[in-house]
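Chemist: the following block contains a protein sequence and its predicted model.
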Amino acid sequence: MAALISDGPTIIDVEKSKDPKGNALRAANLMAQTIALDNMLNYIPCNGGLYHRVGQIVTEPGTTIRARNEGVVATKEERVQHDEGFCDFHQWGKVDAGIAQDMASIDGERAKRVKSGFAAIARKKEYTAFYGSKAASAGKEFDGLGVRFSSVGQQVIDAGGAANLASLWIFRASPETIYWIYPENGTKGMRHRAWPIQVEGSQAGVTGAQMACYKDEMWQECGIAVEDPRCVVRVSNINTAHFTDLTSTQATTSFSSTLHKIMVAHDRLPNDVSGRDFGVCNRTVYSGLRRLAMEKSMAAIGWGEASTVLGKREAIMVDGIPIFVSDALTNAETQLT
């Protein structure tokens, strides 16, 4: 018996796409995830064609209090620059032309697969934005935020955890602080090319095995530029296990709770820069924040109001900052020091 291929739909896949009457069967996407950064960050074309150069002032000119008849040595600011890159999130889909003829609607089936492909690209892009590593991927990926903010300090706050670790990120986003980049002469969004019937030259890895098929190409070229790192703050080392019973670092009486850390993080954003303030965390931390706020408030205002003290479930507010869920963030991060 021939093995079923895994890079394109088979007759079995076609049958799984039909209801008992042979009509198209609606399918819930159990792999769907919530993402946050795609809609919250601006898209800016690269200023160098296929790369984006960022400039920063790292030292101000010196200022001297001068006495009369006394000279002052001239000084200047110090500037640095670095180049930001992007990567190509790419995906192909194909279907045997013979199998396509058995589908209720060839274009409809291809559209479904393109929609699923776009969702997969969006998830991969969001994950890379946080965890991408140029060094670990032999240059294919751009450095994600986790690589750039990897040591406890001014922009990275230690939440005190040592295991089951997650991070919560606070941003002040604008076209001058942190933003998506894409090729100067490219397209900022996702792209799709629907190819007509093609001939697959080595189907299933067999040299010379010919197959007529339809192909769909999906891709997006983008990266992240951090022009002003002061506008990104990471609350790291959040022990998500402490949210289970609201104990230890997440106890309602603890001044090391994530609610307090968010306020500390918010105060580290610069006052001289404007932008859109928002936070991003995973679903475990998000739920923990809601429960923590409810417990801290319930004695004073009752459960009904306390359960929504941070706002509605879809977008809670902490210290005036909307917090959004990103399923790309994990509970298995490395402890930062």
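Modeler: Right, received. Where do you want to start?
Chemist: what ranges does the stretch 151-300 of the chain have for its helices?
Modeler: Taking DSSP state H, counting those that start in this stretch as the test, the helices found in the stretch 151-300 of the chain are 258-267, 283-301.
Chemist: pLDDT of the first one, averaged?
Modeler: Translated: helix 258-267. Average pLDDT, helix 258-267: 94.
Chemist: what's in contact with that helix?
Modeler: Residues from elsewhere that reach helix 258-267 (CB atoms under 8 Å, 6 or more residues apart in numbering): 157, 159, 168, 170, 233-235, 238, 250, 254, 277, 279, 285, 288-289, 292-293, 296, 318-321, 323. Glycine gets a C-beta too; all of them are placed from N, C-alpha and C.
Chemist: burial measure for Pro196, as a count.
Modeler: Pro196 has 6 neighbours, counted by other CB atoms under 10 Å.
Chemist: how close does it get to Met40?
Modeler: Per CB to CB, to the nearest Å, Pro196 is found 38 Å from Met40.
Chemist: surely Asp228 meets Thr177?
Modeler: Yes: contact criterion CB atoms under 8 Å: Asp228 and Thr177 qualify, at 4.4 Å.
Chemist: so between these two, which is more surrounded?
Modeler: Taking other CB under 10 Å, Asp228 and Thr177 do not tie; Thr177 has more neighbours (24 against 19).
Chemist: what sits against the spatially closest residue to the more buried one that is not a sequence neighbour?
Modeler: Spatially, and ignoring its direct neighbours in sequence, Thr177 is nearest to Cys231 (4.0 Å; CB to CB, 6 or more residues apart in numbering). Residues near Cys231 by CB under 8 Å, 6+ apart: Phe171, Arg172, Ala173, Ser174, Thr177, Ile178, Leu269, Pro270, Val273, Gly275.
Chemist: now do Arg123
Modeler: Contacts of Arg123 by CB under 8 Å, 6+ apart are Gln33, Ile35, Asp327, Ala328.
Chemist: if any of those residues are buried, put those into a PyMOL selection.
Modeler: Entered in PyMOL, the line below selects the buried ones among these, by 16 or more other CB atoms under 10 Å:
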select buried, resi 33+35+328
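Chemist: let me have the contacts of Arg123 in TSV, extended by distance to Gly108 and secondary structure.
Modeler: Shown next, in TSV, are the contacts of Arg123 (distance: CB to CB, whole Å; DSSP: H, G, I helix; E, B strand; the rest coil):
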residue	distance to Gly108	secondary structure
Gln33	24	coil
Ile35	26	coil
Asp327	28	coil
Ala328	30	coil
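Chemist: how about low-confidence regions in the stretch 201-337 of the chain?
Modeler: For the stretch 201-337 of the chain, applying pLDDT under 70 flags the ranges 297-315.
Chemist: quick check, nearest of the contacts of Cys231 to Pro61?
Modeler: Proximity of those to Pro61 (CB to CB) peaks at Pro270, which lies at 19.2 Å.
Chemist: I figured that closest one hits Val232, correct?
Modeler: No: the pair formed by Pro270 and Val232 falls short of the contact definition of CB under 8 Å, at 10.9 Å.
Chemist: all the strands of the stretch 101-250 of the chain, residue numbers only.
Modeler: Here the stretch 101-250 of the chain has its strands, by DSSP state E, counting those that start in this stretch, at 156-158, 165-173, 178-182, 191-200, 211-226, 232-239.
Chemist: what's the closest of those to Ala138?
Modeler: Among the strands of the stretch 101-250 of the chain, strand 211-226 comes nearest to Ala138, with 16.1 Å by CB to CB.
Chemist: all set, thanks.
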